[in-house]
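Chemist: take this sequence and fold it.
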Amino acid sequence: MTGETYVEQHANTGNVKEEELEYFGICLFGDWDTVSQLTKKFSLWK
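Modeler: Numbers count the residues shown, from 1 in each chain. Modelled structure (predicted):
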């Protein structure tokens, strides 16, 4: 997120052309329990 809240982020994204959007990603490797503690409520893709 680049905004303070989900609502602000959604509004910001809606005001930008798709070709101007910059996508971010992250990849974590490690013990499942350790990674789960770091990500908390974020769902993980196995």
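Chemist: contacts, neighbours, all on C-alpha from now
Modeler: Fine.
Chemist: report how many residues lie close to Glu8.
Modeler: Glu8: 13 surrounding residues under other Cα atoms under 10 Å.
Chemist: name the helix or strand for it, please.
Modeler: helix 6-14 (DSSP states H and E).
Chemist: using CSV, write down the CA coordinates of that helix.
Modeler: Output of helix 6-14 as CSV, limited to C-alpha atoms (Å, rounded to 0.1, in the frame of the first residue of the first chain):
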residue,chain,number,x,y,z
TYR,A,6,-7.3,0.9,2.2
VAL,A,7,-9.9,3.5,1.2
GLU,A,8,-7.2,6.1,0.3
GLN,A,9,-5.2,3.4,-1.6
HIS,A,10,-8.3,2.4,-3.6
ALA,A,11,-9.1,6.0,-4.5
ASN,A,12,-5.4,6.6,-5.5
THR,A,13,-5.3,3.5,-7.7
GLY,A,14,-8.6,4.5,-9.4
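Chemist: tell me how far that helix is from the chain's mean position?
Modeler: Centre-to-centre, helix 6-14 and its host chain are 13 Å apart (Cα atoms, centre = their mean, to the nearest Å).
Chemist: average pLDDT for that helix?
Modeler: In this model, helix 6-14 has a mean pLDDT of 86.
Chemist: pull out the buried residues from that helix.
Modeler: Under the neighbour-count criterion of 16 or more other Cα atoms under 10 Å, helix 6-14 has nothing buried.
Chemist: can you name the farthest residue from the center of this protein?
Modeler: The centre of the chain is farthest from one residue, Asp31, which by Cα atoms, centre = their mean lies 20.8 Å away.
Chemist: quick revisit: what is the mean pLDDT for the following helix or strand past the helix holding Glu8?
Modeler: Counting by DSSP H and E, the element after helix 6-14 in chain order, helix or strand, is helix 32-39. If you average the pLDDT over helix 32-39, you get 87.
Chemist: centre of the chain versus helix 32-39, how much separation?
Modeler: For helix 32-39, the distance to the chain centre is 16 Å (Cα atoms, centre = their mean).
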